[in-house]
Every structure is written in structure tokens, then in C-alpha cells.
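Trainee: Got a sequence here, can you build the structure:
(2 chains)
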Amino acid sequence: MRLYEFEAKNILAAHGIPIPRGRVIDKPEVAREVAEGIGGPVALKAQVLTTGRGKVGGVKFVSSHAQAEVTAAQMFEAKVKGYPVEKILIEEKLELKQELYVGAAYDEMEKKRIMIYGDMGGVDINEVSQKHPEKIGKVLIDPFIGFQPYQAKELCCISTVSPQISKALQSVMLKVWEIFVKFEATLTEINPLGVTKDGKLVVCDAHIEIEDDALFRQKKRLEEFDIKEREDKARPPTEFEMKAAEIDEADYRGVAGRVTEFDGNLGLLIGAGGGSLTTFDAVLNHGGKPANYCEVGGNAPTRKIYNLAKLILAKPGVTGLAVITNVYSNSRVDFLARGVIKAMVELGIDPKSYPLLFRSAGAFEEDGYAILRKYGVKYYGRETPMDEAARLAVEMMREKE
Amino acid sequence: MAILIDEETRVIVQGITGREAVTFTRGMLDYGTKVVAGVTPGKEGQEVYGVPVYDCVKTALKNHEANTCIVSVPPAFAKDATFEAIDAGIKLINVFTERIPRADVIEMLALAKQRGSRIIGPNSLGMISPRRVKLGSIGGPANECDKAFTPGDVAVLSRSGGMLVETCSQLSLNGIGQSIAINIGGDPIIGSTFYELLPLLERDPQTKVIVLFCEPGTVQEETTAKFVTETSYSKPIVAFIAGKFVDSMPGMRFGHAAVIVHGEIGSTKAKAQIMKEAGIRVVDYHSQIVTEVRKILGEIS
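Mentor: The predicted model follows:
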């Protein structure tokens, strides 16, 4: 779960890392008052859960306080990379002489946490890593020992800051580590960490992501900072996706959801994880136009499958359905068949004449096939590869046209 | 012989009284796996399909001989259960549990490494040596396993449990058997990645060809390719990468927890290229795995 910049900054500040003077607003009318309170030129920063907002008008500087209100009003109206702007952080405009980077993350291949220092901040750290490797310091952390002060000192060896600032910098690193571990973050990043003209360190921008799978034991800690649990995606979910999520959440057993909407005509009921990835690729490769991505598996009950099938079949523009899964071992083919047929019958769709392709096999396949036969639906079993089934589905849609 | 599991495998199921564990214990027993004991704190004295349940792994070991554990407990307790198995001297631990916090996973893996235990998973449905033995829920009930898995000389490693079954099913339908099939787990951080299992397969006389089912996200495939090049790996490898469409949707998660692409990092395009450069035969469609493996087996014989 990605935190908003202001939430991340509140956490950093509470741990003694200096942040700029500022306040969060949720309506333009208070912008002027807030700007006056801060005094001098201010920055208005749209609070959106996406990276690179600066390049698309998500950060603006104003020198007059009256202008702050006008700019805030425009910002609330606009969208940043598709996200509506509900909050704006107004901060003092900083005069910096240098920008640095401090981050904590996981190294998946080393299977350890990692602390990263960049003697160059404000840009993408991976890019710096490639173009100026000498400006990046990294240290892998033993999970049973943790990040130690001497390691902060070692990371600072490549730093070009003065000895006094270096001391403060090491302290910031240790605090970032403390937050990273305590909040079970997957990423805690200050980028840039500014060095002001008078030689002080200050957080310009911060990015914290809390691990979704650790939220169950982080609730209380997040509540202390007034941070609510939320699902984040690279773009805001569509109405169709939200409805699908409701269906999946209504029953804890199995998965019938994880839907992503596309604008094609072929509805997909596919599964499970790797099977969905395989099928979706094959549909695209054969020239098909999917209406959605989804996952059905983990022994989801009939009711969940039925609800998801109904949602997909009723989606405007959907004129055919492909039900394709890998050989099921822990899910049941009869649940899948029953859910699909029930949805069709209820929507007044005749399964026999509707463009429907069914390919599944495994546990309870005979019972599943019996249901399909009863309704005159042609089906494919394990002897038909999944990508062949995808090809047949695309062909079926072409014939209909 | 296969790797990791054989007729000598004797299993303790931690969390055996849970819904899923009860089901896969049945499946394992029917398949002929020696499940010697189960562990669920507070339920000592009970039985699951005749398998005695104990409070602790060490108590179970006092009464039974075992060399393998399956961890199937809720995420919040998975680290403790894995530590318990490691501390009891168990050398192979299959972690079935999904959604274990990363902070716990790295500690589990670090302790296992220190004590010389191997972890498969987390988020792994298990592994199977066809007609010999299986761990976990892979393949489902024993009769379904018999349809999908047949003995032979192809090792299949997969990031997806369902697609491990599908891949083996396709091979079996075409008369190609498997030496071992392992679901390595769908999480970003796992105990045994592809390249960490390759050395074992290289030494295994039964295995002639290796099949990898890959997905977007992480740099596991890239690291595997590097390993293959650096060690001049001697056995042929066929790879299929699912989820090519994910490349064009950075930041979006699909399927397993690890399936997320950040720019070029973790993209299927990058994976395919570096794997091909390493001499791994990357196929475009899943059904081409069979074609490619058959070709290689023909070349070998």
C-alpha cells in the first residue's frame, strides 16, 4: 500500500527527520490562508499515488499568496495521470544547494533488505545507478543483525557533503531503516533529501510503501498517523473492476476476480494465476480483443463464478465468452460449468447459440462436462492445449462477425 | 532417482488440521507419500486420516522418523513454524502458506541457510516425483495426479502451481514423462529459485531436459540465464514466459504477488532476450513446450 507524500512525511517527521513547513488542504478556499501562514514563495503538490507528477503539472510554485488559491483551484479540477486530486500539500519553497538520495528496499535475488545511498538525488535512482554507479552506495543487511551505525558511516564514504552534514546524514539513514523495519515497508525512500543553503538536511519528497501482506499487524501503527487501508493500482479502478472486486470479496474461498477491464468484445473467464497470463497472451497473439482479464481458481464456489460470469456477460460490448483454465487440481470443473450456465440462463442467454468456448479439465470434469452437454455446449478438455482453445475462441468471434 | 524427494521421504505436516492441509494430506496418502505425523498446537492426540497429530515438531520426531516438513499454517505463524522445523533438524521444508510478510520470509530463508535446510516456497503448492511421491496439494487428488503426471526424464520447474500441472499434463498426453515437477512458489522472495535448483538437476541422472514456466516480475529468469552462461550448464533448457501483455502495463499486478513490471525491470521482453542469449530455448506458445522437448529428446537419443 503506497502512502501519500504527506503521510510519508508525517511519519518521517515523527521520527525526527526534518520536513519542510507545510499543510495539507482539501479545498482551494483555504490555500491563501495556508500560504500566508507559511510565508514567502510556496510549492503546491498534488497528492496522488503515482510517480512523475512533476512532469505533468502535479507540482506548481507560486510567489503570491492570492495566486495560491487560483493555482489550487486549477489543480483540484485537473487530473494527474488519471487520478483525481483530492488533497494538495502546500509547503515552503526550498532553496537547495544539493540533492541526495536515501532509500531502504528489498533485494529479491539476495533475499535480504538493502540500504541505498545516492550522492545525487531528485532523479530516478535506477538511472543514476546505471549512468553514475560511483555515486551510489548499497549495503545488504543481515536480517538478524540489522543496519548498524558503522554501515551508515561506510555508505557516507562516497558522499560529497561536509563532515557536519555527513553526521546528520548518517542519523537520517538510521531513522529511515528504523521506519522501514517498524512499518514493514517494502520501500522507504527520501528522494530527494535536500541540503539547504544554510547546510541543513530536509525531506523534499518521500515515498513509502507498506507491504499489503503485513497490514494485518500494522493497522494500529497506521491509525496513529490517521492512515486508512486502501487498495492501490497503477490507475484508478473502473466501475466494472470495482464490481468484480465486490464479488471476490463476498466469499473468502478461492478467487473469482482480480479483474482488469479492457475494451474488446470477448469476455474472458480464465484461470488461475499463471493460466490467466498464458491464456490472455494467446488470445492477443491470435488477434482476439479481450473485454477483461480475470482469475478463477483456488476452488472458488459456484456462486462466485456465477456472479463474475454474469458481470462479464452483461458488460456492454461483450458478444462472446471464452472460459479457459489450466488442468484444475484443487478447483472443480463442475463448479465452473455450473456457474457459467447459471449466469447465462438467468440473463436469458441461450448457451447453445451464444458464442461460448469452454476449455477446462481436472477434478470433477465428468460432472462439469455433463452439465455442458445438457445445455448443448461444445467443450474442450485437456487434450486441447490452452493456446489452441484461445485460437478457437478468436476464430469463433470472427465467424460471428 | 529424482531430486529432493524419493521413497525415503517421510513427511510431517505442520498445520495438518487446517482445511487445505486435511485435503492435501488425503491426496498425499493416496499417492503413497509417507505422511508420518502432523502438528497443530493444542490438538495432540487427534488423528487426520490415521496420521497422528502432535503439539510440536520435536515431539513428533520422538515418535516418528521424518526428514521433510510441509508448512501450512496461517501467514502470521508461518515464520515460527518454519523456525521450529529448521531447529528440529528438518532439511527439506515446503512452505505452502501464501501471503507471508516479506520481513518474515527473509528471516526464514536466512536461518535455513545458516542451518543447511532447503526451503521450497513460500506460496508453493508442492512437488511431485511421478508415481513415487508427492508433497503438498500439487495435482490434487491421487487419481488426478495419475492423469497429469507420468514418470520420465523431463524436470519441470514452475512459478505457477496450476500451470505446472497443465505443463506436465501436456507432456504426459504426448508420451513424455517427468523426473520431478516443482512449484517453486509465486512470491517475489522464495527459498529455491530456478537457478538454485539447476545444479541439483544437472547431477540427477534421470533428468535429461529441463522445462521452466516463467512469469513477469523479479529478475529470477535473468539471474538464471546468467547462471547458465557462467557455469556452461550442460543440460538443455526449454522456457515459456507467460504474461507478455504485462510489459505494457507497468506497475499493475497480475496473478501472483511477484508479477509486476517496473519499466524494463522484470519485463518478459528482457527475460526472453537474455535467456535466448544464454542458449535457453524460449518458446512463444505454451503448446510449443511439447514440440521443443520432443525435438531435444530426439536429438539426444
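Trainee: Check the gap between the residue of the stretch 251-400 of chain A found nearest chain B and residue A:37 for me.
Mentor: Minimum separation of the stretch 251-400 of chain A from chain B (Cβ to the nearest Cβ) falls at residue A:274, amounting to 2.5 Å. For glycine as for every other residue, the C-beta is placed from the backbone atoms N, C-alpha and C. Distance of residue A:274 to residue A:37, given as Cβ to Cβ, to the nearest Å: 54 Å.
Trainee: Have a look at the two and say which one is more surrounded.
Mentor: residue A:274 (32 against 14; other Cβ atoms under 10 Å in any protein chain shown).
Trainee: tell me which residues in the helix or strand that one falls within are buried?
Mentor: For residue A:274, the host element (DSSP states H and E) is helix A:273-285. Neighbour-count burial for helix A:273-285, with 16 or more other Cβ atoms under 10 Å in any protein chain shown as criterion, is recorded at A:273-285.
Trainee: try stretch B:200-215
Mentor: Buried, per 16+ other Cβ under 10 Å, within stretch B:200-215: B:200-201, B:204, B:206-215.
Trainee: Nearest spatial neighbour of the residue of chain B most remote from its centre, chain-adjacent residues omitted?
Mentor: In chain B, the residue that sits farthest from the middle, by Cα atoms, centre = their mean, is residue B:45; the gap is 31.0 Å. Leaving aside its chain neighbours, residue B:45 sits nearest to residue B:53 (7.0 Å; criterion: Cβ to Cβ, 6 or more residues apart in numbering or on different chains).
Trainee: Return the residues in contact with residue 47.
Mentor: Chain wasn't specified; assuming chain A. A:4, A:5, A:6, A:24, A:85, A:86, A:87, A:88, A:89 (Cβ atoms under 8 Å, 6 or more residues apart in numbering or on different chains).
Trainee: hm, I was asking about chain B
Mentor: residue B:53.
Trainee: 10 Å - rerun?
Mentor: B:16, B:17, B:38, B:53 (Cβ atoms under 10 Å, 6 or more residues apart in numbering or on different chains).
Trainee: is any part of the strand or helix carrying the third one close to chain A?
Mentor: I take that to be residue B:38. Per DSSP H and E: residue B:38 is located in strand B:34-39. No - Strand B:34-39 stays clear of chain A (Cβ under 10 Å from any Cβ of the partner chain), getting no nearer than 17.6 Å.
Trainee: so what strands line up beside the following helix or strand past that strand?
Mentor: Downstream of strand B:34-39, the next assigned helix or strand under DSSP H and E is strand B:47-48. Strand pairing for strand B:47-48, determined by DSSP bridges: strand B:51-54 (antiparallel).
Trainee: I'd like to know how many residues surround the closest residue in space to residue A:375 that isn't next to it in sequence.
Mentor: Residue nearest to residue A:375 in three dimensions, not counting chain neighbours: residue A:351, with 4.4 Å by Cβ to Cβ, 6+ apart. Around residue A:351 there are 19 other residues, counting by other Cβ under 10 Å.
Trainee: Let me know the pLDDT of the residue nearest to residue B:212 when sequence neighbours are not counted.
Mentor: Take residue B:212 and drop its neighbours on the chain: the residue closest to it by Cβ to Cβ, 6+ apart is residue B:239, 4.3 Å away. Looking at residue B:239, its pLDDT reads 98.
Trainee: Show me where the chain has its helices.
Mentor: By default, I'm working from chain A. A:5-14, A:31-38, A:65-77, A:125-131, A:149-155, A:163-182, A:219-224, A:239-249, A:273-285, A:302-313, A:333-346, A:365-374, A:386-400 (DSSP state H).
Trainee: hm, I was asking about chain B
Mentor: Counting by DSSP H, the helices of chain B are B:19-31, B:57-63, B:75-87, B:102-115, B:142-148, B:161-173, B:194-203, B:220-230, B:268-277, B:288-300.
Trainee: Just the CA trace of the last one, in PDB.
Mentor: Output for helix B:288-300, consisting of C-alpha atoms alone and laid out as PDB, is shown next (Å, rounded to 0.1, in the frame of the first residue of the first chain):
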ATOM      1  CA  GLN B 288       5.300 -25.400 -28.100                       C
ATOM      2  CA  ILE B 289       7.000 -26.700 -25.000                       C
ATOM      3  CA  VAL B 290       6.000 -30.200 -26.000                       C
ATOM      4  CA  THR B 291       7.300 -29.700 -29.600                       C
ATOM      5  CA  GLU B 292      10.600 -28.400 -28.400                       C
ATOM      6  CA  VAL B 293      11.100 -31.000 -25.700                       C
ATOM      7  CA  ARG B 294      10.300 -33.800 -28.200                       C
ATOM      8  CA  LYS B 295      12.900 -32.300 -30.600                       C
ATOM      9  CA  ILE B 296      15.600 -32.200 -27.900                       C
ATOM     10  CA  LEU B 297      14.800 -35.800 -26.700                       C
ATOM     11  CA  GLY B 298      15.100 -36.900 -30.400                       C
ATOM     12  CA  GLU B 299      18.500 -35.100 -30.700                       C
ATOM     13  CA  ILE B 300      19.800 -36.700 -27.500                       C
END
